[in-house]
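Novice: Sequence and predicted structure are below.
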Amino acid sequence: MLKKLLSRKRLNILGINSGTSADGIDLALIRFSLVGRKPKIAFVDGGVRQYPAKVKTELERYLRAEDKSAEETARLDIALGHLLGRAAAEFIGKGRHRVNLIGSHGQTVGHYPQKKACLNFRTGTTIQIGDGDVIARRTGLPVVSDFRRADIAGGGEGAPLTPFVNQMLFGDKTRSRIIINIGGIANYSYHPAGGDISQIRGGDCGPGNILSDTACRLFYNRRYDLHGRIAGRGKPLQKIMAMIEKANKGRRISAGREQFDQKLLARLIHAAGGLKADRADIVASIAAATAQTIYKSIRPQLKDKRLEAVFLTGGGRRNRFIVDCLRKLIHPVRVQSVETLGYDGDLLEAVSFALLGGCFIMGVPSTLPHISGGEAGGVAGKLSLPPM
Ligand SMILES: Nc1ncnc2c1ncn2[C@@H]1O[C@H](COP(=O)(O)OP(=O)(O)O)[C@@H](O)[C@H]1O
Ligand SMILES: [Mg+2]
């Protein structure tokens, strides 16, 4: 099976992701090939499957819990593998396309990039669940998963992974581009015109939708602030924004969900004058702070004369309040959707993990040491084979 896989000039790869927001499973099928040592892809098909309310609630309860047991984590790892594997098998069954390989990121359940002493070693760590072996068995396909560990092994933070992918997709000879993903956490990557890999910049900006989602659930029992309408009814409060910015400090490159959890929200509510404060003001402050932290992350790059635009991807690109705030902050640089570059902003991460799966099989290093802080040469991923 491996020999056959390696001998193919082109691979059809299904990428799977369950993002920080734990809102659903993103699936994207791409055609992958190498031109020289550079990956080239074409998007074929894709879709998003929202988690049923019960699954989302259960996942979130686990994600929020402070005393996760090893048993609970290990069990959820397998169960989520079944969920991802089933979604993939259904997607493949319905489509007309042959699939050769799966690249699955899984669900991040902990991200601790800060190096600490452990057994006399100093290391950070990160953990993604949704076991690749289970997905392989469910789909009958080889699966590449666990993309973040190769970088951790090299002393890096295991994140971000997407600047490499974005360079492959959006790097341009004459135009510089900035890609902003507003997912649960917001992150950016900068691709200077004609730049080589070493000139790319990237990292997490701060909270994306995660705080806003938590607030919307608590205040209004809604999954999220649809189109940013709630924020639009409120007025950002400087004090709240400053608190979010403070919570965002003290990390180097990557952020975790842990940083913007319910405890922070409780503090924000307290500062706003308790639950009697205008709730829309709190939601507006969170959204404005998201735009502000994005702006601060990309400010140096906005001076680039060859910058074409800032392109938005991820669910937060639909939050008009965030987008309007950002537009004002970065003016005269334009804000556009990543759709103008030919990719669906709901599927870009799934596309990314498909591409990284292809790079793994072809032995193409995909970690970016100068961004993640690790050593060079990391080939991101681990392989699971289906039963023979
Ligand atoms: N129509 C919309 N209006 C406002 N926000 C939206 C909309 N659709 C999605 N979102 C936001 O996007 C989030 C999901 O974004 P996504 O890119 O999937 O993030 P992640 O990668 O963390 O899963 C939702 O939780 C919600 O906050
Ligand atoms: Mg998502």
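Specialist: Sure, I can see it. Ligands and ions are numbered 1, 2, ... in the order given.

Novice: Longest helix in the protein, please.
Specialist: Longest helix in the chain, counting residues (DSSP state H): helix 70-94.

Novice: gap between it and the chain center?
Specialist: 19 Å (CA atoms, centre = their mean, to the nearest Å).

Novice: just stretch 376-383 next, same as before
Specialist: Mean-position distance between stretch 376-383 and its chain equals 18 Å (CA atoms, centre = their mean).

Novice: Could you pull out the buried residues of it?
Specialist: Buried residues in stretch 376-383, counting neighbours by 16 or more other CB atoms under 10 Å, are found at Gly378, Val379, Ala380, Gly381, Leu383. Where C-beta positions appear, they are placed from N, C-alpha and C, glycine not excepted.

Novice: Restricting to C-alpha, output that stretch in CSV.
Specialist: Extracted as CSV, the C-alpha positions of stretch 376-383 are listed here (Å, rounded to 0.1, in the frame of the first residue of the first chain):
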residue,chain,number,x,y,z
ALA,A,376,14.7,23.0,10.7
GLY,A,377,13.6,20.1,8.6
GLY,A,378,10.5,18.9,10.5
VAL,A,379,8.2,16.8,8.4
ALA,A,380,4.8,17.3,10.1
GLY,A,381,2.6,14.3,10.7
LYS,A,382,2.4,10.6,11.7
LEU,A,383,1.0,7.8,9.6
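
Novice: Outside of it itself, list whatever touches it.
Specialist: For stretch 376-383, the external contacting residues (CB atoms under 8 Å, 6 or more residues apart in numbering) are 103, 132, 142-151, 153-154, 156, 161, 356-357, 359-360, 363-367, 369.

Novice: Narrow the residues you listed to those in helices?
Specialist: Members of these lying in helices (criterion: DSSP H): Gly132, Arg149, Ala150, Asp151, Ala153, Leu356, Gly357, Cys359, Phe360, Pro369.

Novice: before we move on, back to that, buried residues in the longest helix of the chain, which are they?
Specialist: Residues 76-77, 79-81, 83-88, 91-92 are the ones in helix 70-94 that count as buried (16+ other CB under 10 Å).

Novice: before we move on, back to that, give me the PyMOL select line for the contacts of stretch 376-383, limited to the buried ones.
Specialist: To isolate the buried ones among these in PyMOL, judged by 16+ other CB under 10 Å, type:
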select buried, resi 103+132+142+143+144+145+146+147+148+149+150+151+154+156+161+356+357+359+360+364+365+366+367+369
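
Novice: circling back to that earlier point, between the buried residues of helix 70-94, which sits nearest Lys54?
Specialist: Nearest to Lys54 among the buried residues of helix 70-94 is Leu83, at 11.9 Å by CB to CB.

Novice: and the closest one, how far is that from ligand 1?
Specialist: According to CB to the nearest ligand atom, to the nearest Å, Leu83 and ligand 1 sit 15 Å apart.

Novice: so what's the residue in the stretch 51-200 of the chain that ligand 2 sits nearest to up against?
Specialist: Nearest to ligand 2, among the residues of the stretch 51-200 of the chain, is Gly183, at 6.2 Å (CB to the ion). Counting by CB under 8 Å, 6+ apart, Gly183 makes contact with Gly19, Thr20, Ser21, Gly208, Asn209, Gly314, Gly315, Gly316, Glu349.

Novice: For the first one, grab phi and psi.
Specialist: This means Gly19. Gly19 adopts backbone torsions of phi -80, psi 180, taken as degrees, to the nearest 10.

Novice: nearest spatial neighbour of it, skipping sequence neighbours?
Specialist: Take Gly19 and drop its neighbours on the chain: the residue closest to it by CB to CB, 6 or more residues apart in numbering is Gly183, 4.9 Å away.

Novice: before we move on, what about the third one?
Specialist: Using CB to CB, 6+ apart and skipping the chain neighbours, the partner closest in space to Ser21 is Gly184 (4.0 Å).

Novice: Over to the fourth one?
Specialist: Closest residue to Gly208 in three dimensions, ignoring its sequence neighbours and counting by CB to CB, 6+ apart: Ala186, at 3.8 Å.

Novice: and the one you found, what pLDDT?
Specialist: pLDDT, Ala186: 96.

Novice: just checking, it is part of a strand?
Specialist: Yes. Membership of Ala186 in a strand is supported by DSSP: H, G, I helix; E, B strand; the rest coil.

Novice: My guess is it contacts Cys205. True?
Specialist: Yes. Using CB atoms under 8 Å, Ala186 is in contact with Cys205, at 4.4 Å.

Novice: Quickly check: stretch 226-234 near ligand 1 or not.
Specialist: Yes. For stretch 226-234, a contact with ligand 1 is found by CB under 6 Å from any ligand atom, at Leu226, His227, Gly228.

Novice: can you check stretch 239-258 too?
Specialist: No. Contact of stretch 239-258 with ligand 1 (CB under 6 Å from any ligand atom) is absent, the minimum separation being 8.8 Å.

Novice: likewise stretch 200-220?
Specialist: Yes. Using CB under 6 Å from any ligand atom, stretch 200-220 reaches ligand 1 at Asn209, Asp213.

Novice: same deal with stretch 41-60?
Specialist: No. Using CB under 6 Å from any ligand atom, stretch 41-60 stays clear of ligand 1, with a minimum separation of 7.4 Å.

Novice: Next: stretch 120-129.
Specialist: No. Residues of stretch 120-129 are not located near ligand 1 by CB under 6 Å from any ligand atom, the shortest gap being 12.8 Å.

Novice: Can you give me the buried ones in that stretch?
Specialist: Under 16+ other CB under 10 Å, the buried positions of stretch 120-129 are Gly124, Thr125, Thr126, Ile127, Gln128, Ile129.

Novice: What parts of this structure come near ligand 1?
Specialist: Residues of the chain lying close to ligand 1 by CB under 6 Å from any ligand atom are 19-21, 23, 183-184, 209, 213, 224-228, 314-316, 318-319, 349.
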